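Student: With the input below, show me the fold.
(chains A, B, C and D)
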Number of protein chains: 2
Amino acid sequence: MKILLVEDNEELADNVVRYLDQVGILCETAITHYEAEDKLLSYTYDCVLLDLMLPDGDGLDLLNWIKSKANSPNVLIISAKNSLDDKIKGLDQGADDYLAKPFHLSELLARLKAIYRRSKLEGSDELKLGEISVQFNTFQAFVNGNLLDLTKKEYDLLIFLITNKNRVLGKQAIAQHLWGDYTDDLANFDFVYQHMKNLRKKICEAGGRDYLKTVYGIGYKFEENPS
Amino acid sequence: MKILLVEDNEELADNVVRYLDQVGILCETAITHYEAEDKLLSYTYDCVLLDLMLPDGDGLDLLNWIKSKANSPNVLIISAKNSLDDKIKGLDQGADDYLAKPFHLSELLARLKAIYRRSKLEGSDELKLGEISVQFNTFQAFVNGNLLDLTKKEYDLLIFLITNKNRVLGKQAIAQHLWGDYTDDLANFDFVYQHMKNLRKKICEAGGRDYLKTVYGIGYKFEENPS
DNA sequence: GTTCCAACTTCAGAATTCCTTCAGAGTATT
DNA sequence: AATACTCTGAAGGAATTCTGAAGTTGGAAC
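Tutor: Coordinates of the predicted model:
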């Protein structure tokens, strides 16, 4: 899971990032309205943690803009504005949940997971797709019931591919989603091949079909029904 | 026995946890609806102590959700709402018992045990899993009948791992479970290794197989059938 | 109050596993 | 056939985990 934290309090942001990192959630930060907009245009996120009190504008505008996009990520509002009014406004404009500052980090995590479950899995904690199934709460993936012994990157990659099944994903998009910011856009993304290779090998060894198809010159896609 | 206490009054929660700890019952807490939902999805519990007056929603909804799950744990409602109406509603929706605040801790324990006995038929205070067995009432663990001389932390760790067998548990989750909330303290959790090491050593010395598997980069899991 | 001992925690280095890079071989496209 | 892209295996580097020892804490016995 990869999220964007829009928050100008750097100390708070730091704590959140470190905490989420420990439970395996990739978290990037933006300290202004503009930076958030820029990143949202450049990369994809599963969820946006949005502080309504931004230094350069009303957070509700940003929320509105996010939700007007196609394929918009989930939005979890965090704000010191604890009034019922703001809460209603936020949820009205499409926010998925609301969390008042100050909050416990464990509470933030719980709500993040809840939103994620709701959007990707429709309430279930398991993702099934033909021979392959992924259990989110146990960090385990199976092929025909055989446990796949995946590393963290392979596991993340598999989930990213499955949740975007039948869609071609560029190497760059994959790299950005799994590793976060890359200042150099012209960087070499060869390392993606390695993980793709390892994942293919493990799925194959467990008796699965060849789900991970290469699209020459563009990238890769997870085929729901490989030939 | 392992239970989840859903209660936003931290002082009360603290008292309950400490009291139950003394009689060998492992008790985790959640202070909101979301946190409870998350923990119920991530870990397994024998019983849920549910305060109906949650800060973020009606407790009856949560109760309903718990009981709609397969293999749902028992639920003991605790609430200041002492009216007959609420009691009936709660029991109607599947709660196993009802306790009005304020209550004596000894009464809570008595009802917990009663529920546990009823559900397990014969009230076996023992947990068996292949070569390993744990007796809750005597705080003892065995491997093939050989007594394991465990310290309290090792004992707690073993129970936490066994009740969540075949599930990967992050260092953070383990630390949080055995030492309470570390949410704001972003220290490293190296000390978990030590207890894991000691537990492994003792199980191994008693002739047990290597149940405690390391999952690199994520955490540990108890494998029911280690290779 | 003091002493002692077991349990818990911290620390630094060793060992292990994983990630990334690289060069060369293989394959698809034009 | 030429070009661009993809795949493979090996090796170095980075990160994580393991280990043994030392330091700290807390409770029991005196």
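
Student: all strands for chain A, in order.
Tutor: Taking DSSP state E, the strands of chain A run over residues A:2-6, A:26-30, A:47-51, A:53-54, A:57-58, A:74-79, A:97-100, A:126-129, A:132-135, A:140-143, A:146-148, A:169-170, A:212-215, A:219-222.

Student: Chain A against DNA strand D: which residues are in contact?
Tutor: A:171, A:190, A:193-194, A:196-197, A:200, A:214-219 (CB under 7 Å from any atom of the strand). In this view, the C-beta of every residue, glycine as well, is placed from N, C-alpha and C.

Student: 6 Å instead?
Tutor: A:Tyr193, A:Gln194, A:Met196, A:Lys197, A:Thr214, A:Tyr216, A:Gly217 (CB under 6 Å from any atom of the strand).

Student: Quick check: chain neighbours aside, which residue is closest to the fifth one?
Tutor: Put plainly, it is A:Thr214. Excluding its sequence neighbours, the residue lying closest to A:Thr214 (CB to CB, 6 or more residues apart in numbering or on different chains) is A:Tyr220, at 5.8 Å.

Student: Surely the one you found is in contact with A:Leu212?
Tutor: Yes. Judged on CB atoms under 8 Å, A:Tyr220 makes contact with A:Leu212 at a distance of 6.1 Å.

Student: Which of those two has more residues huddled nearby?
Tutor: It is A:Tyr220, of A:Tyr220 and A:Leu212, that has more neighbours when counted by other CB atoms under 10 Å in any protein chain shown, with 23 against 20.

Student: what is the more buried one paired to in the beta sheet?
Tutor: On the basis of DSSP bridges, A:Tyr220 is bridged to A:Leu169, A:Thr214.

Student: show me where chain A has helices.
Tutor: A:10-22, A:33-42, A:59-68, A:84-92, A:105-116, A:152-163, A:171-179, A:190-205 (DSSP state H).

Student: Pick the most deeply packed of those helices.
Tutor: Stretch with highest mean neighbour count among these: helix A:105-116 (a mean of 21; mean count of other CB atoms under 10 Å in any protein chain shown).

Student: before we move on, back to that, adding mean pLDDT, write the strands of chain A out as CSV.
Tutor: Converted to CSV, the strands of chain A look like this (pLDDT from 0 to 100):
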stretch, mean pLDDT
strand A:2-6, 93
strand A:26-30, 90
strand A:47-51, 92
strand A:53-54, 80
strand A:57-58, 76
strand A:74-79, 90
strand A:97-100, 86
strand A:126-129, 85
strand A:132-135, 91
strand A:140-143, 92
strand A:146-148, 91
strand A:169-170, 89
strand A:212-215, 93
strand A:219-222, 93
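
Student: got TSV for these, with distance to B:Ala100 too?
Tutor: Shown next, in TSV, are those (distance: least, CB to CB, whole Å):
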stretch	distance to B:Ala100
strand A:2-6	42
strand A:26-30	43
strand A:47-51	39
strand A:53-54	42
strand A:57-58	46
strand A:74-79	35
strand A:97-100	30
strand A:126-129	38
strand A:132-135	39
strand A:140-143	42
strand A:146-148	46
strand A:169-170	56
strand A:212-215	57
strand A:219-222	53
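
Student: For B:Asp156, find the nearest of those.
Tutor: strand A:140-143 (24.1 Å; CB to CB).

Student: which among the residues of chain A next to DNA strand D are in contact with DNA strand C?
Tutor: Answer for the residues of chain A next to DNA strand D near DNA strand C (CB under 6 Å from any atom of the strand): A:Gln194, A:Tyr216.

Student: from the residues of chain A next to DNA strand D, which is closest to chain B?
Tutor: Nearest to chain B among the residues of chain A next to DNA strand D, counting by CB to the nearest CB, is A:Gln194 at 16.0 Å.

Student: returning to what we had before: weakest of the helices of chain A by average pLDDT?
Tutor: For the helices of chain A, mean pLDDT drops lowest on helix A:84-92, to a mean of 77.

Student: what residues go with each domain of chain A?
Tutor: A:2-121, A:126-222 (automatic domain parsing).

Student: so does the longest one get close to DNA strand C?
Tutor: In this case it means domain A:2-121. No. Judged by CB under 6 Å from any atom of the strand, domain A:2-121 stays clear of DNA strand C, getting no closer than 11.0 Å.

Student: sorry, back to before: how about the strands of chain A, which one is nearest B:Lys69?
Tutor: Here strand A:126-129 is closest among the strands of chain A (CB to CB), at 12.8 Å.

Student: quick one: contacts of the closest one?
Tutor: Residues outside strand A:126-129 that contact it (CB atoms under 8 Å, 6 or more residues apart in numbering or on different chains): A:Lys120, A:Leu121, A:Ser133, A:Val134, A:Gln135, A:Phe136, A:Ile159, A:Ile162, A:Thr163, A:Lys165, A:Glu224.

Student: nearest to DNA strand C, of those residues?
Tutor: DNA strand C has its nearest neighbour among the contacts of strand A:126-129 in A:Ile159, at 13.5 Å by CB to the nearest atom of the strand.

Student: what's that closest one in contact with, if anything?
Tutor: With CB under 8 Å, 6+ apart, A:Ile159 has these contacts: A:Leu127, A:Val134.

Student: 7 Å - rerun?
Tutor: A:Val134 (CB atoms under 7 Å, 6 or more residues apart in numbering or on different chains).

Student: Quantify the burial of A:Asp210 by counting its neighbouring residues.
Tutor: Using other CB under 10 Å, A:Asp210 is surrounded by 12 other residues.

Student: Dihedrals phi and psi, it?
Tutor: Phi and psi for A:Asp210, reported as degrees, to the nearest 10, are phi -90, psi 80.

Student: Not counting residues beside it along the chain, what's closest to it?
Tutor: Closest to A:Asp210 by CB to CB, 6+ apart is A:Pro226, at 5.1 Å.

Student: A:Ala80 now?
Tutor: A:Lys101 is the one closest to A:Ala80 (CB to CB, 6+ apart), at 4.6 Å.

Student: quick one: the one you found and A:Ser79 touch, right?
Tutor: Yes. Using CB atoms under 7 Å, A:Lys101 is in contact with A:Ser79, at 6.4 Å.
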